[in-house]
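K.L.:
below: sequence and its predicted model.
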Amino acid sequence: MSAFLFALACVLAATLIRLILDPFFPEGRDPFSLNFRAVLFATLVGGVQAGAFALAASTVIAWWLFLPVRHSFVIASAIDAAGLVV
């Protein structure tokens, strides 16, 4: 259980940093830039299951907050869809 809490803390920390830096990123550009590091760190410390949880949580959070159309789960373009898959 503590590994999943650690993974969630990593994702939330990366999301908070990305929100602070959001004015410096162009719209829709690099929505997962900090989440890669959070998932990697959560996996290294908490194991594969915690990393998978961090991956799922960061994907949903970044999709909702940073991909255009913001605050929606609508996929605006094929490039955004490819970014979610890759």
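P.N.:
Cool, got the structure. Numbers count the residues shown, from 1 in each chain.
K.L.:
select the longest helix from this structure.
P.N.:
helix 2-21 (DSSP state H).
K.L.:
just want the most central residue of the chain.
P.N.:
Nearest to the centroid of the C-alpha atoms of the chain, with distances taken as C-alpha atoms, centre = their mean, sits residue 58, at 3.0 Å.
K.L.:
checking that residue next. Helix, strand or coil?
P.N.:
At residue 58 the chain is in helix, as set by DSSP: H, G, I helix; E, B strand; the rest coil.
K.L.:
state the distance from it to residue 42.
P.N.:
As for residue 58, its distance to residue 42 is 9 Å (criterion: C-beta to C-beta, to the nearest Å). Where you see a C-beta, it was placed from the backbone N, CA and C, and this is true even at glycine.
K.L.:
what sits in contact with each of those two?
P.N.:
residue 11 (C-beta atoms under 8 Å, 6 or more residues apart in numbering).
K.L.:
that older thread, separation between the residue nearest to the centre of the chain and residue 65?
P.N.:
In this view, residue 58 and residue 65 are 10 Å apart by C-beta to C-beta.
K.L.:
picking up where we left off before, for the longest helix of the chain, buried residues please.
P.N.:
Residues 3-4, 6-8, 10-11, 14-15, 18 are the ones in helix 2-21 that count as buried (16 or more other C-beta atoms under 10 Å).
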